[in-house]
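Visitor: Next one to model:
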Amino acid sequence: MIRLIPLVLVVASCVAAPERDAFLIDEPTRMGVVFVGTDQRRGTGFVVGDSGTHYIVLTAAHVTNGSASVEVDGEQATVVQEDRLLDVAVLTLPKTRHRRVLRMREARLGESCRIVAYSSDWRDRPQLMVWRGNVVHPNRDTRMVFNGGAVPGNSGGPVVAEDGSVIGMAVAFYDIFRTGTPTTHYMTCVTVPTLQSILRKE
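Guide: Below you'll find the model as predicted:
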């Protein structure tokens, strides 16, 4: 049996988070990952561009979800594009502090990677967490598949390769249940070519 679950956290929901990975997040990645929130939802985003006056941020469209007000790390951001079909939203954020623009490239079959995203417990100060795994399908239509865990709140988080490049964006996880065997966890992520095609429309 397969269960597909979006990774957004809806306010007032209660989800128990699995154990976090102890992998230390490198500083460039940490500076490029942001906490995205609306009045109803919480998720993650990451910086992919610098226009001179604003940063360009990507997150999942089911995080922004048509909201009139979106905050990034507590600062007001603007949704400039929201593709509900591909589940990608593009935001602009005024440059009030230094952030790192993360580079992107296509995923490679079997490579080690990690999802860097904020925890599901939005009631306290948001904390970054890491899930490690490998790419099992680098390009399935507009999606890449990763065999690692995740929890609600991780939506929009970057999937980061060992070289520091973003190779996808987390949007949903699913579990495969087989009688008598451990549950297998998978993540579906938007591929980099898909993200780049959306950015070209911005």
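Visitor: Tell me which stretches of the chain form strands.
Guide: For the chain, the strands defined by DSSP state E cover 2-6, 9-10, 33-37, 41-50, 54-59, 70-72, 75-83, 88-94, 112-118, 128-140, 143-146, 158-161, 166-176, 184-191.
Visitor: Pull the residues that contact the last one.
Guide: Contacts of strand 184-191 with the rest of the structure, by CB atoms under 8 Å, 6 or more residues apart in numbering, involve 4, 86-88, 106-107, 115, 131, 133, 136, 138-139, 142-150, 159, 168-176, 178. In this view, the C-beta of every residue, glycine as well, is placed from N, C-alpha and C.
Visitor: just the buried members of those?
Guide: When neighbours are counted using 16 or more other CB atoms under 10 Å, the contacts of strand 184-191 contain these buried positions: 86-88, 107, 115, 131, 133, 136, 138-139, 142-146, 148-150, 159, 168-173.
Visitor: lowest average confidence, helix or strand, in the protein?
Guide: The helix or strand of the chain with the lowest confidence, counting by mean pLDDT, DSSP states H and E, is strand 9-10 at a mean of 34.
Visitor: which intervals of the protein have sub-threshold pLDDT?
Guide: Screening the chain residue by residue with the criterion pLDDT under 70, one finds the ranges 1-24, 120-125, 175-184, 202.
Visitor: Now with 80, please.
Guide: Flagging of the chain using pLDDT under 80 yields the residue ranges 1-25, 119-127, 149-152, 173-185, 202.
Visitor: Find the residue at the geometric middle of it.
Guide: G157 (1.7 Å; CA atoms, centre = their mean).
Visitor: Report the contact partners of the residue nearest to it when sequence neighbours are not counted.
Guide: Spatial nearest neighbour of G157, excluding adjacent residues (CB to CB, 6 or more residues apart in numbering): A117 at 2.8 Å. The contact partners of A117, taken as CB under 8 Å, 6+ apart, are 33, 44, 128-129, 131, 150, 153-158, 170.
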